[in-house]
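[1] this one's sequence-less:
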């Protein structure tokens, strides 16, 4: 279905489009006039060590010099106390009736708390913020008095940022207005498409009964349509547009109203899902056969997300957590769009192979940008500014480890860069060995493998090395001995080459693993502390979690582990859904390998298996699905694996078998039934 077809349908069904569009615009205008502007005021409080500690050398009696990490646990207890029901009742009796939040200051490792109050009366918000700030100090004293802490050892609460002048918060207001307008227009669009689909079904019934409408009789031959608007769109075209936006627009640049999930690529994916629904409802496309498994798994994930959304609504969450849950639903829609378009929307195997080649080529370009970042000691994404977009990750700068700059290319973090390349390398290896591409030169076939695999050590992260090791462990043993030993020799030679070309890099990486095994690595110790800190949140809501997208670093802390984050946000049900995704990818790769007729297809199945195993393992090393580019590539490959499995199954079913009669086998020239398009 082309853009011109969609426009023609909307014109024919104007009686849906016009009234509902006008109603949505009127509703948006009404909300604009009736929803009051909210104001937010903030203050900051830090915890200081006791005077007894401050008198010890080398601090020379300066209490501010003792505001260190040892008080983080105390600050966490104080935050939990402020968020309790008893504190809310006490604050309500003191006049704090507007929503308030208390949490750790963003990007702060010290016991620095941020207090904020949001309301519609500017003067009242300022008074409430002052009351909350004073109440924080009182609660700290009450906690220590209850534990009978001597005064000389008492921890002090010192305001470092006094209650600020309330500033208007228009973002949530405009989000509500935009949501009403978008829902109305999308509803009108889908109703129009549904009405068109009903009309197509009726015309098919009449055609089967022998009825031929007048407009279909003696029609003159049509000329092939030309132009951009009438060019036929398919799922591969939509997904290619998504890949271009995902790879070349830095993933930290988003639309201001949507936060971290509002990247241009995600918005384009949602429009692609709308296109697929329109094409499907209009009777122009049917889901590809044998590709249902990835979509069923996505239904399980969607159920877990919706249950966690309900759980968030029932626990009295803060305004920021509600916005995070809403963004989680948008992110879920993007993932569903990628899986549906890749698994159900691709009708020809050649088009799917085209998509996978484009995926590898674009990933190679992103890896080349990473080389520039590494050797130039910069981040090229920092210099990219697009009007209308803003950075959703404040304070991103060049990251160093040892004496090396960790590249992130157009991703948001070096971990995302390395993880994304690790799940794409198996497909580059398969395409390099594919006999169909032997006509291409060695540079075109092996260049992507060398570039992407070579970029993994440059990230100077354990995640990248673990991903590369899993790819080697899964793919190399399945090769023939000659190829296997050649690959092992090439890998060892590459390690030696890195040691000569970039002195110190291999030593730094091996040092990371050595410190990890000896439990002397500071980052490993910090993660261990976070695991124990997240246990209370898990015990509070073990089944459905606190709400998908609500456990944000500005309110809580980084988990650096997708499984722990999923447990906190979606509980045990969400963890089962997440594991089901990985198992689906592994099963898909194994099934493609088992049913394939050619060696190339068997190696392709092994590539899908390796990619899914990489995602399974490295999700324990960072909060993987919080990064839009990595998450997009994972769900795209998950859907592509389901699509390949469908093609392989249909080819296997078409082969004559021992128990199959010749009549059941379609002839090579047989015409498959096609859907009739309405004009």
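    All right, it came through fine. Bear in mind that the values here come from a model prediction, so they are computed numbers and not experimental data.

[2] neighbours around residue 586, how many?
    Applying other Cβ atoms under 10 Å, we find 19 other residues in the vicinity of residue 586. In this view, the C-beta of every residue, glycine as well, is placed from N, C-alpha and C.

[3] so what's it up against?
    609, 612, 613, 616 (Cβ atoms under 8 Å, 6 or more residues apart in numbering).

[4] you'd agree the third one is up against residue 474?
    Yes. Taking contact to mean Cβ atoms under 8 Å, the distance of 5.9 Å between residue 613 and residue 474 places them in contact.

[5] in helices, which of the contacts of residue 586 appear?
    609, 612, 613, 616 (DSSP state H).

[6] possible to save these as CSV with distance to residue 492?
    Compiled in CSV, the ones in helices among the contacts of residue 586 are given as follows (distance: Cβ to Cβ, whole Å):
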residue, distance to residue 492
609, 24
612, 27
613, 23
616, 27
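
[7] any chance of the residues you listed in CSV, with neighbour count and pLDDT too?
    Below are the ones in helices among the contacts of residue 586 laid out as CSV (neighbours: other Cβ atoms under 10 Å; pLDDT from 0 to 100):
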residue, neighbour count, pLDDT
609, 24, 94
612, 27, 94
613, 21, 94
616, 19, 94
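
[8] closest one of those residues to residue 169?
    residue 616 (40.1 Å; Cβ to Cβ).

[9] list the contacts for the spatially closest residue to that closest one that is not a sequence neighbour?
    Ranked by Cβ to Cβ, 6 or more residues apart in numbering and with sequence neighbours excluded, the top spatial neighbour of residue 616 is residue 582, at 4.2 Å. Counting by Cβ under 8 Å, 6+ apart, residue 582 touches 612, 615, 616, 619.

[10] residue 411 too?
    By Cβ under 8 Å, 6+ apart, the neighbours of residue 411 are 250, 251, 366, 381, 417, 420, 627, 629, 630.

[11] farthest-apart pair in those residues, please.
    381 and 630 (15.0 Å).

[12] a markdown table for the contacts of residue 582, including distance to residue 129?
    Output for the contacts of residue 582, formatted as a markdown table (distance: Cβ to Cβ, whole Å):
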| residue | distance to residue 129 |
| --- | --- |
| 612 | 49 |
| 615 | 44 |
| 616 | 46 |
| 619 | 39 |
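
[13] would you map the helices across the stretch 401-550 of the chain?
    Secondary structure of the stretch 401-550 of the chain (DSSP state H, counting those that start in this stretch): helices located at 414-433, 442-458, 462-475, 481-501, 505-517, 522-540.

[14] so which of those helices gets nearest residue 146?
    helix 522-540 (19.2 Å).

[15] do you know the pLDDT at residue 91?
    pLDDT, residue 91: 89.

[16] all strands for this protein, in order.
    38-48, 100-104, 112-119, 156-161, 167-169, 253-254, 390-391, 399-401, 404-406 (DSSP state E).

[17] could you point out which of those strands sits nearest residue 550?
    For those, the distance to residue 550 is smallest for strand 100-104, at 12.1 Å, taking Cβ to Cβ.

[18] what's in contact with that closest one?
    Contacts of strand 100-104 (Cβ under 8 Å, 6+ apart): 75-76, 78-79, 82-83, 91, 112-118, 128, 132, 136, 318-320, 554-557.

[19] switch to 6 Å and redo it
    Strand 100-104 has contacts (Cβ atoms under 6 Å, 6 or more residues apart in numbering) with 79, 82, 115, 116, 117, 132, 318, 555.

[20] for those residues, give me JSON lines that also has distance to residue 46, pLDDT and neighbour count.
    Shown next, in JSON lines, are those (distance: Cβ to Cβ, whole Å; pLDDT from 0 to 100; neighbours: other Cβ atoms under 10 Å):
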{"residue": "79", "distance to residue 46": "13", "pLDDT": "84", "neighbour count": "21"}
{"residue": "82", "distance to residue 46": "15", "pLDDT": "85", "neighbour count": "21"}
{"residue": "115", "distance to residue 46": "12", "pLDDT": "89", "neighbour count": "23"}
{"residue": "116", "distance to residue 46": "16", "pLDDT": "89", "neighbour count": "23"}
{"residue": "117", "distance to residue 46": "19", "pLDDT": "89", "neighbour count": "28"}
{"residue": "132", "distance to residue 46": "15", "pLDDT": "90", "neighbour count": "25"}
{"residue": "318", "distance to residue 46": "21", "pLDDT": "75", "neighbour count": "18"}
{"residue": "555", "distance to residue 46": "18", "pLDDT": "75", "neighbour count": "19"}
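
[21] my read: residue 422 touches residue 466, true?
    No. If you go by Cβ atoms under 6 Å, residue 422 and residue 466 don't touch, sitting 8.2 Å apart.

[22] these two: which is more packed in?
    Comparing residue 422 with residue 466 by other Cβ under 10 Å, the one with more neighbours is residue 422, at 29 against 20.

[23] list the single closest residue to the more buried one in space, sequence neighbours excluded.
    Excluding its sequence neighbours, the residue lying closest to residue 422 (Cβ to Cβ, 6+ apart) is residue 467, at 2.8 Å.

[24] the one you found and residue 496: what is the separation?
    21 Å (Cβ to Cβ, to the nearest Å).

[25] which one's more surrounded, these two?
    Neighbour tally, residue 467 and residue 496, criterion other Cβ under 10 Å: the higher count belongs to residue 467, 28 against 11.

[26] enumerate every residue touching residue 632.
    Taking Cβ under 6 Å, 6+ apart as the test, what residue 632 contacts is residue 246.

[27] I'd like the average pLDDT over stretch 285-301.
    The model assigns stretch 285-301 a mean pLDDT of 89.

[28] neighbouring contacts of that stretch?
    So stretch 285-301 is contacted by 279, 336, 339, 343-344, 577, 580-581, 584, 638-639, 642-643, 646, 649 (Cβ under 6 Å, 6+ apart).

[29] report the distance from that stretch to the chain centre.
    Its chain's C-alpha centre and that of stretch 285-301 lie 20 Å apart, by Cα atoms, centre = their mean, to the nearest Å.

[30] can you give me the end-to-end span of it?
    From its first residue to its last, stretch 285-301 covers 25 Å (Cα to Cα, to the nearest Å).

[31] in that stretch, what's buried?
    285, 287, 288, 290, 291, 293, 294, 295, 297, 298, 300, 301 (16 or more other Cβ atoms under 10 Å).

[32] point out where the stretch 401-550 of the chain drops to low pLDDT.
    Along the stretch 401-550 of the chain, the model assigns pLDDT under 70 to residues 402, 516-530.

[33] could you do the stretch 1-150 of the chain as well?
    1-2, 50-70, 106-110.
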